[in-house]
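Novice: fold the following.
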Amino acid sequence: MKLQLASLALWASSALAFAPNSLPSRNNRAVGYVPSSISSLHAAALEPPPLSPLTQWGDRIENIRALQAELKARELPPFAPELSAVKDCGLAREDTEGQLAYVRDNAMRIKTMMQEHGAVVFRDFDLMKTQEGFQAFYAAIGMKACLDPLHSVSARPTVDGQKNSPVYEAVNKESRKNFFIGMHNEFVGTRAPRAAAFVCFKAAETGGEFLVADGRRMFRDLDADLIEELYNREIRYSVMELPFFGWIDNLPSFVQQPAMNVVRGAVSAAINAKVDFDVELLWGEGGYDGTRMLQARAPSQPPIVKHPVTGDPTWFCNVHSHSSKLRHQRESIYGAERFEDGASQINKSDMFFGDDGELSEAQLKQLDEVTVKNTRYVKMTEGDVVLLDNYKTMHGRNVFDGTRKHGVAWFEGWEGEADMKQQFQAEGASQKVVA
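Specialist: Down below sits the predicted model:
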């Protein structure tokens, strides 16, 4: 058995991260110039951010149908509004000092917009064209950076290569350009960031849009029967496949079962020592090359949660990105996935009911249609940022041609969160729209 344990670090429930690019200067000032007061941020030795927080599943919802009916009766606020430095803030694109001052002075308003609308799209801000400016941007808002939820398996590199950097890269390799990254919330096992900021350092020449979808509208629009079945049976992810065990089939028949028991025990111990949740390994046949494989399945979990701050019910489920059947259907549009190395083979996911039953074709079709209906394509240019609530907003990425370099920072929370929660509770989960 030749299983490199280090390669287990490459599994992921999702895989978005991004890298920066040097940009030309303009008007004798570097594009993305940042004030001297914060320009030392990138060069300074960074302290490691805290771990990604534990997922807040909340209490069980006793009547999921009634909760959906209540949401249907509400008028939801517009999803993911845009905020332009030029059009909305009255600032010049190159005025990075004014932009930094603006986000600092309007920090609570921005965070409240994120909570009420699920996400905010920032346009025309030169401040965020560099990593230093991007970090200054979210620090001024009061977002509290945390480690990537994949930190324990070191699966995602940082943009600048520094070990403790809070800005991560993503899979934007040319070999993955035709891989449509389905809609998902960011969570790995027991950990989920509360929020995230995605930044564009270089836009792809063609395609490569950043995708966002409203979890509240997903929950609202799904068929009530499907919602009830999914919630009562829960869902379960296959987070990894290990297609390295064809050699077992070449052993004498009386040796195969004992060998399988030893292998599963050893691999299970290795994986569970690296991740902070229990993984169950199941034998299957037919990995990417048709040989015997081990499939790692995570514990079951609810597909709908109540938001930790606002109490809004929201879809919190990665079926669109994890279902192998939906991914294969997308291959007919974008071309077959290019699994060119062992890491790509490991990083194969799937989704089941919590009791390991399979979703029907009709159920998957409805989930796909409702997801697509509520997905918005955001074509980002250099310096654009999408600040999103990870519980209310799913994200993904369109296929692309050329070079696409984006970055992402994860947040454990934000300043003023406790006060905001009290306000939303007092207003009955807040139906007020911030102008």
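Novice: what does the average pLDDT come to for the host helix or strand of residue 333?
Specialist: Assigned by DSSP states H and E, residue 333 falls within helix 324-334. Throughout helix 324-334, pLDDT has a mean value of 87.
Novice: and residue 330, how many residues sit next to it?
Specialist: The local packing count at residue 330 equals 18, with neighbours defined by other Cβ atoms under 10 Å. Bear in mind the C-beta positions are built from the backbone N, C-alpha and C, glycine included.
Novice: OK, contacts around it?
Specialist: Residue 330 sits next to 180, 182 when contact means Cβ atoms under 8 Å, 6 or more residues apart in numbering.
Novice: residue ranges of the helices in the stretch 1-150 of the chain, please?
Specialist: Along the stretch 1-150 of the chain, counting by DSSP state H, counting those that start in this stretch, helices occupy 64-72, 96-105, 107-117, 131-141.
Novice: nope, the stretch 201-350 of the chain is what I was after
Specialist: Using DSSP H, counting those that start in this stretch, helices in the stretch 201-350 of the chain cover 215-221, 224-233, 253-274, 319-322, 324-334, 342-346.
Novice: deepest-packed of those helices, please.
Specialist: Per residue and on average, the most neighbours among these fall to helix 319-322, with a mean of 25 (mean count of other Cβ atoms under 10 Å).
Novice: mind giving me the packing neighbours of that one?
Specialist: strand 181-184, strand 235-242, helix 324-334, strand 350-353, helix 361-373, strand 393-397 (3 or more Cβ pairs under 8 Å, 6 or more residues apart in numbering; DSSP states H and E).
Novice: run through who's touching the longest one.
Specialist: Put plainly, it is helix 361-373. Against helix 361-373 from outside (Cβ under 8 Å, 6+ apart): 182-183, 213, 218, 221-223, 226, 319-320, 323, 325-326, 329, 359, 394.
Novice: try it again with 10 Å
Specialist: Identification of contacts with helix 361-373 by Cβ atoms under 10 Å, 6 or more residues apart in numbering yields 182-184, 211, 213, 217-223, 225-226, 229-230, 303, 315, 317, 319-321, 323, 325-326, 329-330, 351, 353, 358-360, 394, 396.
Novice: give the buried residues for it.
Specialist: Judged by neighbour count using 16 or more other Cβ atoms under 10 Å, the buried positions of helix 361-373 are 363-364, 366-368, 370-371.
Novice: mean confidence score for it?
Specialist: Mean per-residue pLDDT for helix 361-373: 97.
Novice: what's the pLDDT at residue 14?
Specialist: 37.
Novice: equivalent analysis for residue 142, please.
Specialist: Residue 142 is assigned a predicted lDDT (pLDDT) of 97.
Novice: run a quick neighbour tally on it.
Specialist: For residue 142, the neighbour count with other Cβ under 10 Å is 18.
Novice: residue 161 now?
Specialist: Around residue 161 there are 9 residues (other Cβ under 10 Å).
Novice: and residue 407, how far from residue 401?
Specialist: Note on residue 407: its distance to residue 401, by Cβ to Cβ, to the nearest Å, is 20 Å.
Novice: quick one: which of those two has more around it?
Specialist: Higher neighbour count among residue 407 and residue 401: residue 407, with 27 against 13, using other Cβ under 10 Å.
Novice: for the more buried one, give its distance to residue 137.
Specialist: Noted for residue 407: a distance of 12 Å to residue 137, by Cβ to Cβ.
Novice: returning to that earlier point: which one, of the helices of the stretch 1-150 of the chain, ends up nearest to residue 78?
Specialist: Closest to residue 78 of those is helix 107-117 (Cβ to Cβ; 6.2 Å).
Novice: now the closest one: buried residues?
Specialist: Residues of helix 107-117 classed as buried by neighbour count (16+ other Cβ under 10 Å): 107, 110-117.
Novice: stretch 373-380 too?
Specialist: Residues of stretch 373-380 classed as buried by neighbour count (16+ other Cβ under 10 Å): 374-375, 378, 380.
Novice: any weak-confidence spans in the protein?
Specialist: Scanning the chain for pLDDT under 70 picks out the ranges 1-46, 152-155, 171-172, 271-277, 285-290, 336-348, 428-435.
Novice: center of it - which residue?
Specialist: Centre of the chain computed as the mean C-alpha position; nearest residue by Cα atoms, centre = their mean is residue 186, 3.3 Å away.
Novice: need the contact list for that one.
Specialist: Contacts of residue 186 by Cβ under 10 Å, 6+ apart are 12-14, 16, 52, 148-150, 192-196, 318, 388, 390-391, 394-395, 408, 410.
Novice: returning to that earlier point: how about the CA coordinates for the helix holding residue 333, as CSV?
Specialist: Output of helix 324-334 as CSV, limited to C-alpha atoms (Å, rounded to 0.1, in the frame of the first residue of the first chain):
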residue,chain,number,x,y,z
SER,A,324,-21.4,13.6,-8.1
LYS,A,325,-24.5,13.2,-10.3
LEU,A,326,-24.9,17.0,-10.6
ARG,A,327,-21.2,17.4,-11.3
HIS,A,328,-21.4,14.8,-14.1
GLN,A,329,-24.4,16.6,-15.6
ARG,A,330,-22.3,19.8,-15.8
GLU,A,331,-19.6,17.9,-17.7
SER,A,332,-22.0,17.8,-20.7
ILE,A,333,-21.8,21.6,-20.7
TYR,A,334,-18.3,22.4,-19.6
